[in-house]
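Q: What follows is a predicted protein model with its sequence.
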Amino acid sequence: MRPHQRRLPATLVSRRDFCRVADMLPEAVALVRRFLFFLAVFLFCLLLYRDSDALRLLHHFSSYPASSFTAFYSPPVSEERGIEEVLKDAAMEDGTVILTTLNEAWAAPNSIIDLFLESFRNGVGTRRLLNHLVIIALDQKAYRRCLQIHTHCFGLHTEGVDFREEAYFMTPNYLKMMWARIDFLRSVLEMGFNFVFTDADVMWFRDPFPRFYSDADFQIACDHFLGSSDDLQNKPNGGFNYVKSNNRSIEFYKHWYSSRETYPGYHDQDVLNMIKFDPSTLSIGLRMKFLDTAYFGGFCEPSRDLNQVCTMHANCCFGLDSKLHDLRIMVQDWKEFLSLPPSLKRDYIFPWAVPQNCSLDSLRHYDAPQSDDQHNEEE
């Protein structure tokens, strides 16, 4: 017997007390059984929750230290993957990935994202590029939709910003989305990945890589191309660019992002147009090229030869409905072109039937900084 334990004398436990204790035993056993039953049910439900595809968890953004970026959920250890791992899975042999962003407004069925992926599947030499595409979802619904339709998805949340709704051109939410994109792309470069960034309203009709410049650090599509890839007077569009990871490009993206404070109220594209002439930008030594609209066109300045076109962007267009209307026509134009006999493709200039609802006129009232309230008044 242990020193601190004492046995009660047998004479202190009466027969009546013994019977009372005996009567209580079944109740105690029942309580224990009920507890074990509810515990088993709880563990079973937890297991179902962990395994459910409908509740798949978003990845941690653990590879990048910036506190402004977080994931939507905390996945179980067995599913935890940082952005760097997602990019590695999608990267080409040279470390290049294709990136696009997606929010709830563009993720709805039969909306922008479906046309975007369809263009890859119907393009010339573009289907294989889907293996290297990472969709960066900006909200939970966009992430869930991505998981249904694509392989490489990552859920990115910027603290204090709601990107679920359509971000109208030049509204505060639009500006926040554009600058969050620049900051994120800088982090991708710092991880050592080259990237092609493409808006989801850019249709990929032909493999663009043969048209890229091998000696450029940063090359970008244009709303208006003036004839020379080196002319700083070209009007770039941030919705499509190819960037190689090196010290020059990383420093340039840092400079670009910090310049938002120098030019408050302007979006990334406007600021790029301002800083491309700055001595501070030139001192970085970045090798910048502008992509010809003959190959990388858009509604602002369409590619005229469908035998040459690589991408077409729904730029110079205001509003989701207008974009969808004209993009659907453009995708149908491409299908009709592909169905032509080779001789007709070669000899006949097949014209685009767009833009229709999209035009420069739709943007004339939205090309200066304004608030959401001002925008609502104009609507």
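A: Right, received. Where do you want to start?
Q: Let me see the contact set for Leu340.
A: Applying CB atoms under 8 Å, 6 or more residues apart in numbering, one finds that Leu340 lies in contact with 348, 350. Using the backbone N, CA and C atoms, a C-beta is placed for each residue, glycine as well.
Q: I'd guess it is in a helix, am I close?
A: No - using DSSP: H, G, I helix; E, B strand; the rest coil, the secondary structure at Leu340 is coil, not a helix.
Q: Give me the phi and psi angles of Pro351.
A: phi -90, psi 150 (degrees, to the nearest 10).
Q: what's the longest strand belonging to the chain packed up against?
A: In the chain, with assignment by DSSP state E, the single longest strand is strand 235-243. Helices and strands touching strand 235-243, by 3 or more CB pairs under 8 Å, 6 or more residues apart in numbering; DSSP states H and E, are helix 172-190, strand 194-198, strand 218-224, helix 268-275, strand 311-313.
Q: Report the inter-axis angle for it versus strand 218-224.
A: Relative orientation of strand 235-243 and strand 218-224, computed by axes from the mean of the first three to the mean of the last three CA atoms, to 10 degrees: 150 degrees.
Q: returning to what we had before: any chance of the helices and strands packed on strand 235-243 in TSV, plus distance to Ser259, mean neighbour count and mean pLDDT?
A: As requested, those are exported to TSV (distance: least, CB to CB, whole Å; neighbours: other CB atoms under 10 Å; pLDDT from 0 to 100):
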stretch	distance to Ser259	mean neighbour count	mean pLDDT
helix 172-190	10	20	85
strand 194-198	18	22	98
strand 218-224	15	22	98
helix 268-275	5	18	94
strand 311-313	24	27	98
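Q: closest one to Trp204 among those?
A: For these, the distance to Trp204 is smallest for strand 311-313, at 5.6 Å, taking CB to CB.
Q: list the helices and strands that closest one packs on?
A: strand 202-204, strand 235-243, strand 296-298.
Q: Let me have those in TSV, extended by distance to Ala221, mean neighbour count and mean pLDDT.
A: Converted to TSV, these look like this (distance: least, CB to CB, whole Å; neighbours: other CB under 10 Å; pLDDT from 0 to 100):
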stretch	distance to Ala221	mean neighbour count	mean pLDDT
strand 202-204	8	26	98
strand 235-243	4	22	97
strand 296-298	4	27	98
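Q: among those, which is nearest His132?
A: Among the helices and strands packed on strand 311-313, if distance is taken as CB to CB, the winner is strand 202-204, at 11.8 Å.
Q: From the contact counts, what lies against the closest one?
A: For strand 202-204, the packing partners by 3+ CB pairs under 8 Å, 6+ apart are helix 112-122, strand 311-313, helix 320-338.
Q: Wait, Ser303 touches Gly297, no?
A: Yes - when contacts are counted by CB atoms under 8 Å, Ser303 is listed as touching Gly297 (3.2 Å).
Q: Next, the contact list for Met330, please.
A: Here Met330 is in contact with 203, 312, 314, 352-354 (CB under 8 Å, 6+ apart).
Q: can you put these in CSV and add distance to Ser249?
A: Listed next are the contacts of Met330 as CSV, based on distance: CB to CB, whole Å:
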residue, distance to Ser249
Met203, 26
Met312, 26
Ala314, 27
Trp352, 33
Ala353, 38
Val354, 33
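Q: between the residues you listed, which is closest to Asp139?
A: Ala314 (21.2 Å).
Q: Could you find the closest non-adjacent residue to the closest one?
A: Asp201 (4.0 Å; CB to CB, 6 or more residues apart in numbering).
Q: With Asn241 instead?
A: What sits nearest to Asn241 in space, not counting adjacent residues and going by CB to CB, 6+ apart, is Ile220, at 4.1 Å.
Q: Same check on Leu115?
A: Leu327 (5.2 Å).
Q: count of neighbours near that neighbour?
A: 26 (other CB atoms under 10 Å).
Q: List the contacts of it.
A: Applying CB under 8 Å, 6+ apart, the residues near Leu327 are 112, 115, 201, 203, 314.
Q: Tell me the bridge partners for the fourth one.
A: Think Met203. Met312 (DSSP bridges).
Q: picking that back up, any chance of the contacts of Leu327 in CSV, plus distance to Ser343?
A: Shown next, in CSV, are the contacts of Leu327 (distance: CB to CB, whole Å):
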residue, distance to Ser343
Ile112, 35
Leu115, 29
Asp201, 33
Met203, 25
Ala314, 31
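Q: Among the residues you listed, find me the one that's closest to Leu338.
A: Using CB to CB, those come closest to Leu338 at Met203, 13.1 Å.
Q: do you know how far the closest one is from Ser258?
A: Note on Met203: its distance to Ser258, by CB to CB, to the nearest Å, is 33 Å.
Q: give me every residue that touches the closest residue to Gln269 other than its chain neighbours.
A: Using CB to CB, 6+ apart and skipping residues adjacent in sequence, the residue nearest Gln269 is Gly238, 4.6 Å away. Gly238 is in contact with 178, 182, 197, 220, 268-269, 272, counting by CB under 8 Å, 6+ apart.
Q: Dump stretch 85-93 to PDB, restricted to CA.
A: Extracted C-alpha coordinates of stretch 85-93, given in PDB (Å, rounded to 0.1, in the frame of the first residue of the first chain):
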ATOM      1  CA  GLU A  85       5.100  24.800 -54.300                       C
ATOM      2  CA  VAL A  86       2.100  25.700 -56.500                       C
ATOM      3  CA  LEU A  87       4.400  27.600 -58.800                       C
ATOM      4  CA  LYS A  88       7.000  24.800 -58.900                       C
ATOM      5  CA  ASP A  89       4.300  22.300 -59.900                       C
ATOM      6  CA  ALA A  90       3.200  24.500 -62.800                       C
ATOM      7  CA  ALA A  91       6.600  25.900 -64.000                       C
ATOM      8  CA  MET A  92       8.200  25.100 -67.300                       C
ATOM      9  CA  GLU A  93      11.700  23.800 -67.400                       C
END
